[in-house]
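> Prediction below, plus the sequence it came from.
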Amino acid sequence: MSKYDIIVLGSGPGGYVTAIRASQLGFKTAIVEKENLGGVCLNWGCIPTKALLKSAQVFEYLKHAEDYGLSVKGADKNFDAVVKRSRNVADGMSKGVQFLLKKNKIDVIEGFGKLKPGKKVDVEGTIYSADHIIIATGARSRELPNLPQDGKKVIGYREAMTLEKQPKKMIVVGSGAIGVEFAYFYNSMGTDVTIVEFMPKVVPVEDDDVSKQLERSFKKSGIKIMTSAEVTSVDTGGSGVKATVKTKKGEELLEADILLSAVGIKTNIENIGLEDVGIAVDRDKVLVNDYYQTNIPGYYAIGDVTPGQALAHVASAEGILCVEKIAGQHVEALDYGNIPGCTYCTPEIASVGLTEKQAKEQGLNIKVGKFPFSASGKASAGGHKEGFVKVIFDAKYGEWLGCHMIGTGVTDMIAEAVLGRKLETTGHEVLKTVHPHPTMSEAVMEAVADAYGEVIHI
């Protein structure tokens, strides 16, 4: 029986980052993976979807070349080639993880791992033991009873990345990050897309102004949107799919080639031995303390299987914190109120902290500032004037309560707000921080200036 200091179950962005940090701290480490190194994120999530979205974005540029004084004749897409490029990018990233694990002398154990009492893991009949076992098995597409996925006409995000043929019409159920990203991609490729959202607005977790802007932008691009709507049943008996949608005005029948279910995720905790060990679970989530210890000593859990936000960067941060605590380092509990969220459709969305509505619901006296990219020199030069930056500050103390962006490249800008909030900066400090011109990031400074009545360019 092989003995390790740490065994990590799962090699996604939580698992492999955790394993590498454990090795750096001097632990003899192994990682168990039943499929592809890098998990869903690198193989079927974050990375390959961004490759698809980049192809869509480039295609959009080609279609609007005349806007930039250019002439492009015969621009067309090769759907198969777009999908192949995405898969090649994912394969390259997976090989990169393999290299990193080898570089850090981490043993990779291939197969399905099952937890056993006594700090042991059974990988398809072979038993391994460790002083510490970290569960990082992630999540998958959630299926609803009224939307049974057959992988052909009713699909999840995984199938949406590798369709053999581009559908002419598609229904996307759910308008979270996964739903709107695929809606943008397929619409840009020429598919007729309809989004059905149960909540009253698209991207429901975002600030109301961001949601309204995305809806305007999507409708302008030809995407149909139905909010406060629910798919009650689907019929896949014919050549395509028929979806019965319940709305405030009554029932409506939608027809399409394919229906994409993007209604959230479900944790991968079945059959991994939680019950055998006695690890506590509540509503599909493994219960942990601030340092990701479960109720059973020696067993830990990080990432999507725990109650925190189901985001790749959260899983990585949790894993690093977990093993540093095991190593005896002084660590601070993760601040889940300062986690950035990013959505990579066009226009992009990025946010951190409280929305304006949440701040008001908490009874806070706030200052709100907003700067539209239509007033940005860099945005005008780039031909992408949609969107804005919105900031929220505590009126009394100047605390940066929230920042919400929608527009080109904003997912690369949000870190300024995350860092500023981490360092407890105030509105006036941001305002007095000189931002380079011309850049999209100037919009942050201008939005803060607007909050304090000092805006120059609007």
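Looks like it arrived, so ask away.

> count of residues packed around residue 74?
5 (other CB atoms under 10 Å). Placement of C-beta: from N, CA and C, glycine included.

> For it, give its distance to residue 282.
Distance, residue 74 to residue 282, using CB to CB, to the nearest Å: 57 Å.

> what does residue 289 give?
14 Å.

> and the helix or strand residue 210 falls within, what does it pack onto?
Element membership for residue 210, per DSSP states H and E: helix 208-220. Contact analysis of helix 208-220 by 3 or more CB pairs under 8 Å, 6 or more residues apart in numbering; DSSP states H and E lists helix 177-189, strand 224-226, strand 348-353, helix 356-361, strand 388-394, strand 400-407 as its packing neighbours.

> Domain map for this protein?
2-141+266-336, 154-263, 347-451 (automatic domain parsing).

> Longest helix in this structure, by number of residues?
helix 79-103 (DSSP state H).

> and residue 3, which of the three is it?
strand (DSSP: H, G, I helix; E, B strand; the rest coil).

> Kindly apply the preceding question to residue 151 instead.
Criterion first, three-state DSSP; result for residue 151: coil.

> do you know how far the closest residue to it other than its chain neighbours is from residue 381?
Nearest residue to residue 151 in three dimensions, chain neighbours excluded: residue 159, at 5.5 Å (CB to CB, 6 or more residues apart in numbering). Here the criterion is CB to CB. By it, residue 159 lies 39 Å from residue 381.

> the more surrounded of the two?
Using other CB under 10 Å, the more surrounded residue of residue 159 and residue 381 is residue 159, with 18 against 10.

> Residues contacting whatever helix or strand the more buried one lives in, please?
According to DSSP H and E, residue 159 maps onto helix 157-160. For helix 157-160, contacts defined as CB atoms under 8 Å, 6 or more residues apart in numbering pick out 44, 45, 49, 141, 151, 152, 178, 182, 260, 262.

> So which bits of it are buried?
157, 158, 159, 160 (16 or more other CB atoms under 10 Å).

> closest to residue 455 among the residues you listed?
Closest approach between these and residue 455, by CB to CB: residue 157, at 40.3 Å.

> hey, which helix or strand in the chain has the poorest pLDDT?
Here the helix or strand of the chain ranked lowest by mean pLDDT, DSSP states H and E is helix 39-44, holding a mean of 80.

> Just among the contacts of helix 157-160, which is most surrounded?
residue 260 (29 neighbours).

> one step back: turn the buried residues of helix 157-160 into CSV, including pLDDT.
Shown next, in CSV, are the buried residues of helix 157-160 (pLDDT from 0 to 100):
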residue, pLDDT
157, 90
158, 90
159, 93
160, 94
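
> and those as CSV, adding distance to residue 342?
Formatted as CSV, the buried residues of helix 157-160 follow (distance: CB to CB, whole Å):
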residue, distance to residue 342
157, 16
158, 21
159, 23
160, 19
